[in-house]
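Visitor: Give me a model of this one.
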Amino acid sequence: MADRRPSWSAGGGLGAQLRVVVTGLGTVNPLARSVPEFTAALRAGAGAIGPLTLFDPTGYRSQVAAEVKGITPPAWLPAPLRRRASRADIFALVAVEQALAASALDVAAAPDRIGLALGGTTGGMLRAEECLRDRIEGRLARYRASPLLGTPISTSADVVAAAFGTAGPRLMLSTACSSSANALGIALDWIRLGRADAVVAGGTESLCRTTFAGFNALHALSVEPCRPFDRRRNGLSLGEGAAIVVLESAERAARRGARVHAELVSYGTSADAHHLTAPHPDGTGAVLAMSRALARGRLAPEEIDYVNAHGTGTPMNDVIETAAIKAVFGPAARRLAISSTKGAIGHTLGAAGAIEALATILALRDGFVPPTVNLEEADPDCDLDFVPLRSRSAALRFAVSNSYGFGGNNTALVLGRG
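Guide: Reported below is the predicted structural model:
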């Protein structure tokens, strides 16, 4: 089918839309410390969910999660930033360094034209929890400022901007599990509106006791590694990590001779306006987000080859998302390849949209579909092609990456082969 998207160009004022491409990639997550490692792990169908060791899970119903092991601050990080950097900040710093190096973007040449948009939900909560416990149990005589400076969610963007000198528009978004997908969408808008020449965008998230206890209290966590779309699924697994992309116009990337990994075509958002934690039973918000993303990208449903599903592994989410995909794609849903990466790395909450967008970019770039790890017994109510257990070679043109968050915060990204 012919590509029906317009040939967008710069200089058209408000509403003119540039083609925006991905020229840099970076990640640290439970499967990998780099993009090549992540690609290999996705192809191999590897999984990283196991016993939680970051803190003591004794007494919790679930005691498994997907952790990033042995992470330390970059050696080059100045001492003031090192003292205040939270675990989530460190994930972001490592991933941003990779992405900027891959893109060969010279931030110092025009720092005020380089934007920064990140998503997250926990910030430095883990470190704040540790300080509080040490104080209560007598190991800390008084609170010190430096460990607590990184507690707010917003400080990850502050630390990254200070470390790399990005002086353009800066935003730290928190819309639950769609946070970093929305960060990519906002970055797309900034470039198309001329507010930045390039944007460092993505998300970062750290495990912490508060979220682990909260999801346990909701009985939303599986006692074993989660099984998206499987008949025996009984909850999600939590994860952590970061993914970062560098976005810029296709025209600018061509002038720089930068490698293009993929295109960020469009995004769509919606709100369920239904429930604090449960999706709308009719999937209306999910349908609206995907439909808006396709419409804004000027793509027909049959032009999409792959969907990276939200796919949490909870009984309600997976059935509702399956029905939503059918509603949006109609007969084309039966030929779609669909998978969830949460069976491999867990649900990374505020970072999930960016990490899953990265998996989708790699699938488009390298011609494969990541598998749904731990999907062993198909659920009759989840009766589409969810690519169980093993990756699959495929020439993909366009893909959708779904992120649905608590409170009904829904976002769908459309990505295309570069």
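
Visitor: which other helices and strands contact the worst-scoring helix or strand of the chain on mean pLDDT?
Guide: Of the helices and strands making up the chain, the lowest-confidence element is helix 145-149, at a mean of 74, by mean pLDDT, DSSP states H and E. Here helix 145-149 touches helix 79-84, helix 125-136, going by 3 or more Cβ pairs under 8 Å, 6 or more residues apart in numbering; DSSP states H and E. Where C-beta positions appear, they are placed from N, C-alpha and C, glycine not excepted.

Visitor: if we go to 6 Å?
Guide: Under the contact definition 3 or more Cβ pairs under 6 Å, 6 or more residues apart in numbering; DSSP states H and E, helix 145-149 sits against helix 79-84.

Visitor: where does the stretch 1-150 of the chain dip in pLDDT?
Guide: 1-16 (pLDDT under 70).

Visitor: And Gly257, how close does it get to Thr23?
Guide: 10 Å (Cβ to Cβ, to the nearest Å).

Visitor: These two: which has the busier surroundings?
Guide: Set Gly257 next to Thr23 and count neighbours by other Cβ atoms under 10 Å: Thr23 wins out with 24 against 7.

Visitor: any idea how far the more buried one is from Leu358?
Guide: Counting by Cβ to Cβ, the gap from Thr23 to Leu358 is 14 Å.

Visitor: Equivalent analysis for Ala176, please.
Guide: If you go by Cβ to Cβ, the gap between Ala176 and Leu358 works out to 19 Å.

Visitor: Return the residues in contact with Ile345.
Guide: 29-31, 48, 66, 239 (Cβ atoms under 6 Å, 6 or more residues apart in numbering).

Visitor: neighbour-wise, which of those leads?
Guide: Asn29 (30 neighbours).

Visitor: Next up, the contacts around the closest residue to it other than its chain neighbours.
Guide: Nearest non-adjacent residue to Asn29, counting by Cβ to Cβ, 6 or more residues apart in numbering: Gly241, 3.2 Å away. Going by Cβ under 6 Å, 6+ apart, Gly241 touches 28-29, 68, 91, 348, 351.

Visitor: top of the residues you listed by neighbour count?
Guide: Counting by other Cβ under 10 Å, top hit in the contacts of Gly241: Ala351 with 38 neighbours.

Visitor: For Gly239, see how far away it is.
Guide: Distance from Ala351 to Gly239, by Cβ to Cβ: 8 Å.

Visitor: again, but for Asn374
Guide: Distance of Asn374 to Gly239, given as Cβ to Cβ: 13 Å.

Visitor: before we move on, what about Phe329?
Guide: 28 Å.

Visitor: Ok, Ala108 next?
Guide: 34 Å.

Visitor: cool, and Ala271?
Guide: 25 Å.

Visitor: hang on, the earlier thing: the contacts of Ile345: which two are farthest apart?
Guide: Maximum pairwise distance among the contacts of Ile345 (Cβ to Cβ): 9.4 Å, between Leu31 and Gly239.

Visitor: Show me what the helix or strand harbouring Val414 is packed up against.
Guide: Using DSSP states H and E, Val414 maps to strand 409-417. Judged by 3+ Cβ pairs under 6 Å, 6+ apart, the packing partners of strand 409-417 are helix 179-192, strand 262-271, helix 284-296, helix 352-366, strand 398-405.

Visitor: What's the separation between the closest residue in space to Ala41 that isn't next to it in sequence and Val68?
Guide: Excluding the flanking residues, the one nearest Ala41 by Cβ to Cβ, 6+ apart is Leu31, at 4.1 Å. Distance of Leu31 to Val68, given as Cβ to Cβ: 9 Å.

Visitor: Kindly report the same for Gly214.
Guide: 20 Å.

Visitor: For the closest residue to Ala333 other than its chain neighbours, which three-state class applies?
Guide: Closest residue in space to Ala333, ignoring its immediate chain neighbours: Lys326 at 4.8 Å, by Cβ to Cβ, 6+ apart. Secondary structure, DSSP: H, G, I helix; E, B strand; the rest coil: Lys326 is helix.

Visitor: Distance of Lys326 relative to Ser237?
Guide: 26 Å.

Visitor: More neighbours: these two, which one.
Guide: More crowded of Lys326 and Ser237, by other Cβ under 10 Å: Ser237, with 31 against 18.

Visitor: in the helix or strand harbouring Leu42, what counts as buried?
Guide: With secondary structure defined by DSSP H and E, Leu42 is part of helix 35-44. Within helix 35-44, the residues scored as buried using 16 or more other Cβ atoms under 10 Å are 35, 38-39, 41-43.

Visitor: packing partners for it?
Guide: Helix 35-44 packs on strand 20-28, going by 3+ Cβ pairs under 6 Å, 6+ apart.

Visitor: if we go to 8 Å?
Guide: Right, helix 35-44 is packed against strand 20-28, helix 352-366 by 3+ Cβ pairs under 8 Å, 6+ apart.

Visitor: tell me the angle of that helix relative to strand 20-28?
Guide: Per axes from the mean of the first three to the mean of the last three Cα atoms, to 10 degrees, the angle that helix 35-44 makes with strand 20-28 is 90 degrees.

Visitor: List the neighbours of the following helix or strand past helix 35-44 that are in contact with it.
Guide: Proceeding N to C from helix 35-44, the next assigned helix or strand is strand 49-51, under DSSP H and E. If you take Cβ atoms under 8 Å, 6 or more residues apart in numbering as the criterion, strand 49-51 is touched by 30, 63-67, 225-226, 237, 239, 343-346.

Visitor: The helix holding Leu42: how far from the chain's middle?
Guide: 16 Å (Cα atoms, centre = their mean, to the nearest Å).

Visitor: hmm, who's touching that helix?
Guide: Taking Cβ under 8 Å, 6+ apart as the rule, helix 35-44 contacts 25-27, 29, 31-32, 48, 98, 102, 341, 344, 358-359, 362-363, 366, 368, 370-371, 391.
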